[in-house]
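[1] Need a 3D model of the following:
(chains A and B, ligands or ions: 2)
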Amino acid sequence: MKVIDLIKELDLVKITDSFDENIEFTGVYIGDLLSLVMSRAKQGDLWITIQTHINVVAVADLLDLSAILVAEGMEIDEDTAIKANDLGLPILQSKMSAYELACGINRLGI
Amino acid sequence: MEELIKRYEYEIIANDFDIAGSTSSSIKRNLKSIGVDPSIVRKVAIVSYEAEINIIIHSKGGKMCLEIYKDKLTIRAHDNGPGISNIDLAMSEGFSTATNEAREFGFGAGMGLPNMKKYSDNFNITSSSEGTNIDIDIYMD
Ligand SMILES: Nc1ncnc2c1ncn2[C@@H]1O[C@H](COP(=O)(O)OP(=O)(O)OP(=O)(O)O)[C@@H](O)[C@H]1O
Ligand SMILES: [Mg+2]
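    Ligands and ions are numbered 1, 2, ... in the order given. Next up is the predicted model:
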C-alpha cells in the first residue's frame, strides 16, 4: 500500500513532505526500543513508534524502512524532521495509539 | 592473510546523541555504492549501528573501521574505556546499564551486543579498563 493512501485513510499528519508519493510499505513493525527495532523490523516496513529523537531517522534509514508513524500525538523534534526531509523519509503523526493505528491498517488489508 | 581491498576509519565521539548512527549510515552507503548484496548490507548496518551507539553512550569515545576484503567485510570498534567488567553478563539479552537519559531516547534494551553476535559470522570482544575492542566478520559468500 502507498504511504500517501494511508495518510488519507487514517487522516495522518504529514511531518515531512519531501518524499516520493510512490513510496509503498509492505509490512508494519511497532516498537520503541531501538535495538529491538534494529533486529526485528524489515525493509519496507512502516514503523509505528512513540520515539521522536533524531536517532529514529538513522534507524529507519539503516533498515530501509518505508516510513515512520509517530503515535499518541508525540511531538517530533525539529532536527528529526529536517534530517528525514533530507533523506526523503516520510514521517507521519497521529493522536491514535499504536494499537488503534495497527487495527486501522489491518482493516485496510495489510 | 587475505588481501585488503579498502579500509575506512571513523572517529566516534562520546555522548553525541544527535549524530548517533551517522557512521553506520556512511558505512551502509559505501557498501551499497559498491554493489554489496542488500542482505549483507543489512547485517553490516545492524552490527555497525550497535557498535557505534555503544561507543557513544557507554564509552569515552573511540573509533570504528570498515575493512573490505574479497569475500568478507570486517568491522572493528575500539574505544578508550572504561571497559566492560563482566563480558558474559554484558552479552546476555536484556542486560543494560544505560542511563535514564539514554533510555528516554530508546536505547537500553540490552540487545546491542546480542544483536552484534547474532548478525555476524565471527564475533570477538575483549575489554579492559583501557577500552573495549570488538572485531566482527561478515562473509559475502
Ligand atoms: N563500548 C562499551 N564500553 C563500556 N561498556 C559497554 C560498551 N558496550 C556495552 N557496554 C556494557 O554492556 C551493556 C550491554 O550492552 P548492549 O549494547 O547489549 O545493551 P545497551 O547498550 O545497554 O542497550 P541497547 O544496545 O539495547 O540499546 C551496556 O549496558 C554496558 O553496560
Ligand atoms: Mg547497545
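[2] what's the distance between A:Glu24 and A:Gln43?
    Applying C-beta to C-beta, to the nearest Å, the value for A:Glu24 to A:Gln43 is 12 Å. The C-beta positions use only the backbone N, C-alpha and C, and glycine is treated the same way.
[3] what is A:Thr49 paired to in the beta sheet?
    For A:Thr49, the beta-bridge partners are A:Val70 (DSSP bridges).
[4] need the contact list for it.
    A:Ile30, A:Gly31, A:Asp32, A:Val37, A:Val56, A:Ile68, A:Leu69, A:Val70, A:Ala71, A:Ala98, B:Gly106 (C-beta atoms under 8 Å, 6 or more residues apart in numbering or on different chains).
[5] how long is stretch A:59-77 end to end?
    16 Å (C-alpha to C-alpha, to the nearest Å).
[6] For that stretch, which residues meet the burial criterion?
    Neighbour-count burial for stretch A:59-77, with 16 or more other C-beta atoms under 10 Å in any protein chain shown as criterion, is recorded at A:59-71, A:76-77.
[7] would you list every one of the helices in chain A?
    Assigned by DSSP state H, the helices in chain A fall at A:3-10, A:34-40, A:55-63, A:78-87, A:98-107.
[8] now do chain B
    Applying DSSP H to chain B gives helices spanning B:22-33, B:38-58, B:87-91, B:100-104, B:112-118.
[9] Pull up the residues of chain A that are close to chain B.
    Chain A has residues A:32-36, A:38-39, A:43, A:49, A:51, A:53-59, A:61-64, A:79 near chain B, with proximity defined as C-beta under 8 Å from any C-beta of the partner chain.
[10] re earlier: and the contacts of A:Thr49, which two are furthest apart?
    For the contacts of A:Thr49, the maximum inter-member distance is 15.2 Å, found between A:Leu69 and B:Gly106 (C-beta to C-beta).
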